[in-house]
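S.K.: Fold the following, please.
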Amino acid sequence: MASLQNIPYDLLLSIAHHLDLADICALQLTCKQLRYAVRTRPVYREMAVSLLRRCRALPLYGFKRISDLSTDQLVEVVNRAAQLERGWLTRTPRPAVNAFIPQGEEVLSGITKSTDATGWGVKSRYWYKVVGTPPDEEVDWLSPITASYTLCATKSGKVVCWDVQRDVGIAEWNPGERWELWKCRVEFEQRIVYFTMAKVLEGKDDEKVMQFELMQIHFPEQKLDTDVQIGPSFSNLRSFKTLGIVMNVFLLDPEARLLAGFVWISRTNSIGLYVLLDWNKEEYVFVDTGIQCTNTANWSCILCDGSIVIHSEEATFACQHFFPLYVLAQHVTISNPSLSFVPRMTSHLKPSRTVNRSFTFPILPPESYVLPFRQPVIQNILVAVPPGNQFHQILPLPAVDDDPTPPTDMNNPPNPFSDQIWYPESAHFVRQWWPTLPSVPRLSCTVVLLAQHHPQTHVTKYVLAQHYFTVPLQMPGTDADADDAMMQMWYVSVPFEVVCVSDQADDDDDTMDAPPRQRPLLAVDFGHAVWLEHVRAADDEEDEEPYERGQKRLRFVSFPGVQLEGEGRAVRSGIGSGGGADGTFEMEGAARTLAIPKELDLHDVETINIDQSQGAVILSVRQGKIFILCYE
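M.R.: Just a heads-up that it's a prediction; the model follows:
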């Protein structure tokens with residue numbers, strides 16, 4: 001073994017770059033020389049890059065950056081991330097018994113005391129934590145802000161930042177009236193959370209006027225030489241109005257102060273693009289793009305290479321429309337902060353280019369092609385209601401006599417969930433929100449909850465579809481091939497019943513005559529989803545509406561990751577590939593049932609979240625508590 005000492009380190013480092021983390025860990029067990037050679041920052045930084053390229057977050061605490069970590073801390077973070085990835089993909093996640101540390105063991109900067117020289121985690125038998133919410137308030141929206149804080153909006157209009165470790169509210173924005181939180185974005189480098197609040201001022205349809213408040217909450221760095229805790233603070237960045245039916249708003253680049261929004265123009269059934277090119281300036285862009293809006297499409301907005309990209313997805317293909325910022329700047333209109341001012345659409349502006357790409361559908365297990373109801377299946381038609389609404393009116397069509405059968409064309413299978421039968425209940429577009437490294441390319445992920453509603457029994461069954469994509473949809477100069485994992489659909493294809501909660505305010509005049517909006521208790525993170533599900537007893541009638549107090553369970557799925565190789569080619573991660581011996585069912589996600597604490601009653605859950613970086617599922621309940629459950 002003495003000869004190992006004579007091997008140049010650059011050669012050992014080059015060898016290590018061709019190994020995965022399991023090989024690196026095995027190599028460390030062979031002898032001290034190899035342990036010291038490979039347990040180094042360059043090796044584990046390469047392992048961190050590999051995880052990030054597979055779109056797996058590193059479990060950093062607070063607003064820690066990768067560059068802030070010591071070598072031992074980097075080793076611990078990489079090992080923990082790899083453990084989470086393998087555990088979540090290949091088996092049912094188990095309670096992480098060392099997730100929380102006993103009170104009094106924390107130190108400053110979010111790093112806990114080390115039990116030995118190799119890590120910094122204090123061993124603990126606690127796998128979940130219960131913290132409070134604002135007293136005498138109902139939580140309307142909740143999101144983790146790193147592992148240290150939660151941000152929640154209440155039904156009275158407040159936004160409160162809650163310290164998870166100390167279980168206290170540490171900052172609050174209280175406008176004194178009801179507002180809704182529409183969008184939230186965390187900027188780790190700046191230690192700032194940006195969010196938008198909205199309320200309706202007056203009018204309906206194309207004359208509907210909405211008020212928006214663009215806010216931020218800043219988390220100052222704690223000084224190590226003092227015990228004084230400096231709390232975060234809220235501040236208002238910009239107030240602005242919109243005209244028409246706003247579908248969504250997007251915080252595209254907070255550093256550049258760039259915001260965009262989609263407005264449905266009912267008279268032309270097209271998408272209006274509203275843009276603040278610099279929210280510090282009293283000006284805006286409001287144009288009719290001419291892009292036709294359908295109820296079967298799902299919409300998102302992304303900033304890419306100096307262009308605002310409108311991303312839309314239909315049942316069989318995706319489409320991206322590009323609007324360069326320099327072109328939008330030619331349509332700027334001056335605004336003013338007066339109370340009477342309302343922005344008006346100024347012109348028509350077509351996209352500078354449009355890119356299309358079709359989805360690739362898999363051959364699913366035979367049971368996935370069985371229609372979900374015992375009674376004759378009624379096809380679904382979506383009535384022309386404003387896009388973005390959370391309810392769909394269903395009309396009966398002639399029944400389908402026979403259950404569909406798996407397709408026989410293995411080379412070009414059709415969409416297994418036709419938009420004539422299934423409609424998109426909700427769509428979630430996720431980009432990597434966690435701290436990363438400059439060399440890591442960015443991907444996006446879409447998770448769509450597809451629904452089928454029975455008009456007689458009013459039972460709704462769901463399936464889950466997921467895929468990855470880039471902007472543009474295909475890298476320039478490349479051709480899609482069979483091994484390209486981008487745009488391949490993965491599913492939880494056996495229908496299930498998601499638990500829903502009413503999500504309609506008592507004073508919402510626009511929907512007083514409409515059915516109450518039912519919000520599915522489902523949350524997604526990049527490549528993961530978690531939801532609450534009704535469980536029927538063996539003797540229950542499948543088509544009967546479930547009892548309110550019937551059994552429920554917490555369900556979870558993790559889809560195999562992808563990474564970019566070569567010139568934009570996306571491939572499977574290779575971990576937890578699953579599927580049958582012939583690979584036929586490899587695009588099916590395995591739904592798992594998660595363990596829950598005895599004191600958690602799933603009937604009381606109001607919101608659900610998932611934070612893959614910490615392996616956590618966060619549930620808020622009616623009694624004013626938040627359960628943070630950690631799995632590994």
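
S.K.: Now do the spatially closest residue to residue 240 that is not a sequence neighbour against residue 198, distance only.
M.R.: Of all residues beyond its chain neighbours, the one nearest residue 240 is residue 212 (5.3 Å), with distances taken as C-beta to C-beta, 6 or more residues apart in numbering. For every residue, glycine as well, the C-beta is placed using N, CA and C. Going from residue 212 to residue 198 by C-beta to C-beta, to the nearest Å gives 5 Å.

S.K.: Looking at those two, which has the bigger crowd around it?
M.R.: residue 212 (23 against 17; other C-beta atoms under 10 Å).

S.K.: can I assume the more buried one is in contact with residue 236?
M.R.: No - if you go by C-beta atoms under 8 Å, residue 212 and residue 236 don't touch, sitting 10.9 Å apart.

S.K.: shared neighbours, residue 212 and residue 198?
M.R.: 182, 249 (C-beta atoms under 8 Å, 6 or more residues apart in numbering).

S.K.: going on from the worst-scoring helix or strand of the chain on mean pLDDT, what's the next piece of helix or strand?
M.R.: Here the helix or strand of the chain ranked lowest by mean pLDDT, DSSP states H and E is strand 569-572, holding a mean of 67. Next along the chain after strand 569-572, taking DSSP states H and E as the criterion, comes strand 592-593.

S.K.: other SSEs contacting that following strand?
M.R.: strand 552-558 (3 or more C-beta pairs under 8 Å, 6 or more residues apart in numbering; DSSP states H and E).

S.K.: Just the C-alphas of the strand it packs on, formatted as PDB.
M.R.: Output in PDB follows, covering the C-alpha atoms of strand 552-558 (Å, rounded to 0.1, in the frame of the first residue of the first chain):
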ATOM      1  CA  LYS A 552     -57.500   8.900   4.800                       C
ATOM      2  CA  ARG A 553     -53.800   8.400   4.200                       C
ATOM      3  CA  LEU A 554     -50.700  10.400   3.300                       C
ATOM      4  CA  ARG A 555     -49.300   9.400  -0.100                       C
ATOM      5  CA  PHE A 556     -46.000  10.200  -1.800                       C
ATOM      6  CA  VAL A 557     -44.300   9.600  -5.200                       C
ATOM      7  CA  SER A 558     -40.800  10.300  -6.400                       C
END
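
S.K.: Output the contacting helices and strands for that strand.
M.R.: Short answer (3+ C-beta pairs under 8 Å, 6+ apart): strand 552-558 packs on helix 71-90, strand 528-534, strand 592-593.

S.K.: most packed of those?
M.R.: Ranked by mean neighbour count under mean count of other C-beta atoms under 10 Å, the helices and strands packed on strand 552-558 are led by strand 528-534, which reaches a mean of 22.

S.K.: could I have that one exported to CSV, CA atoms only?
M.R.: Output of strand 528-534 as CSV, limited to C-alpha atoms (Å, rounded to 0.1, in the frame of the first residue of the first chain):
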residue,chain,number,x,y,z
HIS,A,528,-41.8,14.7,-6.2
ALA,A,529,-45.5,14.9,-5.1
VAL,A,530,-47.4,14.3,-1.9
TRP,A,531,-51.1,14.3,-1.3
LEU,A,532,-53.9,13.3,1.0
GLU,A,533,-56.1,10.4,-0.3
HIS,A,534,-59.4,8.9,0.6
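
S.K.: Give me the residues contacting that strand.
M.R.: 88, 447, 464, 466, 492, 496-499, 520-524, 546, 550-559, 594, 602, 605, 608, 610, 612, 617.

S.K.: That one versus strand 552-558: what angle between them?
M.R.: 160 degrees (axes from the mean of the first three to the mean of the last three C-alpha atoms, to 10 degrees).

S.K.: avg pLDDT for stretch 611-630?
M.R.: On average, the pLDDT along stretch 611-630 is 90.

S.K.: Please identify the buried residues of it?
M.R.: Applying a neighbour-count criterion of 16 or more other C-beta atoms under 10 Å, one finds 611-621, 625-630 buried in stretch 611-630.

S.K.: so how far is it from its chain's centroid?
M.R.: 15 Å (C-alpha atoms, centre = their mean, to the nearest Å).

S.K.: how long is it end to end?
M.R.: 9 Å (C-alpha to C-alpha, to the nearest Å).

S.K.: rewinding a little: got the helices and strands packed on strand 552-558 as CSV, with mean pLDDT columns?
M.R.: Supplementary listing: the helices and strands packed on strand 552-558 in CSV, determined by pLDDT from 0 to 100:
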stretch, mean pLDDT
helix 71-90, 88
strand 528-534, 94
strand 592-593, 92
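
S.K.: so which of these gets nearest residue 158?
M.R.: strand 528-534 (25.4 Å; C-beta to C-beta).

S.K.: Just to check, residue 429 is in contact with residue 443?
M.R.: No - with contact defined as C-beta under 8 Å, residue 429 does not reach residue 443; the gap is 11.6 Å.

S.K.: More neighbours: those two, which one.
M.R.: residue 443 (23 against 20).

S.K.: who touches that one in this structure?
M.R.: Here residue 443 is in contact with 55, 431-432, 468-470, 562, 564, 570 (C-beta under 8 Å, 6+ apart).

S.K.: Between these, which sits nearest residue 18?
M.R.: Closest to residue 18, out of all of the contacts of residue 443 and judged by C-beta to C-beta, is residue 564, at 18.4 Å.

S.K.: What's opposite that closest one in the beta bridge?
M.R.: residue 570 (DSSP bridges).

S.K.: now the helices: where do they sit in the stretch 301-450 of the chain?
M.R.: 325-328 (DSSP state H, counting those that start in this stretch).

S.K.: Buried subset of the contacts of strand 528-534, written for PyMOL?
M.R.: Only the buried entries of the contacts of strand 528-534 go into this PyMOL selection, using 16+ other C-beta under 10 Å:
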select buried, resi 88+447+464+466+492+496+497+498+499+520+521+522+523+524+552+554+555+556+557+558+559+594+602+605+608+610+612+617
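
S.K.: then stretch 324-333 to PDB, C-alphas only?
M.R.: C-alpha atoms of stretch 324-333 as PDB (Å, rounded to 0.1, in the frame of the first residue of the first chain):
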ATOM      1  CA  PRO A 324     -37.600  39.600 -26.300                       C
ATOM      2  CA  LEU A 325     -37.300  42.200 -23.600                       C
ATOM      3  CA  TYR A 326     -35.900  44.800 -26.100                       C
ATOM      4  CA  VAL A 327     -39.100  44.300 -28.200                       C
ATOM      5  CA  LEU A 328     -41.300  44.700 -25.200                       C
ATOM      6  CA  ALA A 329     -39.400  47.900 -24.300                       C
ATOM      7  CA  GLN A 330     -40.800  49.500 -27.500                       C
ATOM      8  CA  HIS A 331     -44.300  49.200 -26.100                       C
ATOM      9  CA  VAL A 332     -43.700  50.900 -22.700                       C
ATOM     10  CA  THR A 333     -46.600  53.100 -21.400                       C
END
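
S.K.: Other residues contacting that stretch?
M.R.: Counting by C-beta under 8 Å, 6+ apart, residues outside stretch 324-333 touching it are 258, 273, 275, 277, 283-287, 306-308, 343-344, 346-347, 349, 352.

S.K.: let's go with 10 Å and repeat that
M.R.: Here stretch 324-333 makes contact (C-beta atoms under 10 Å, 6 or more residues apart in numbering) with 252-253, 256, 258, 260, 273, 275, 277-278, 281, 283-287, 303, 305-308, 323, 343-349, 351-353.

S.K.: In the beta-sheet assignment, what are the partners of the residue nearest to residue 555 when sequence neighbours are not counted?
M.R.: Nearest non-adjacent residue to residue 555, counting by C-beta to C-beta, 6+ apart: residue 533, 4.8 Å away. When bridges are called by DSSP bridges, residue 533 pairs up with residue 498, residue 553.
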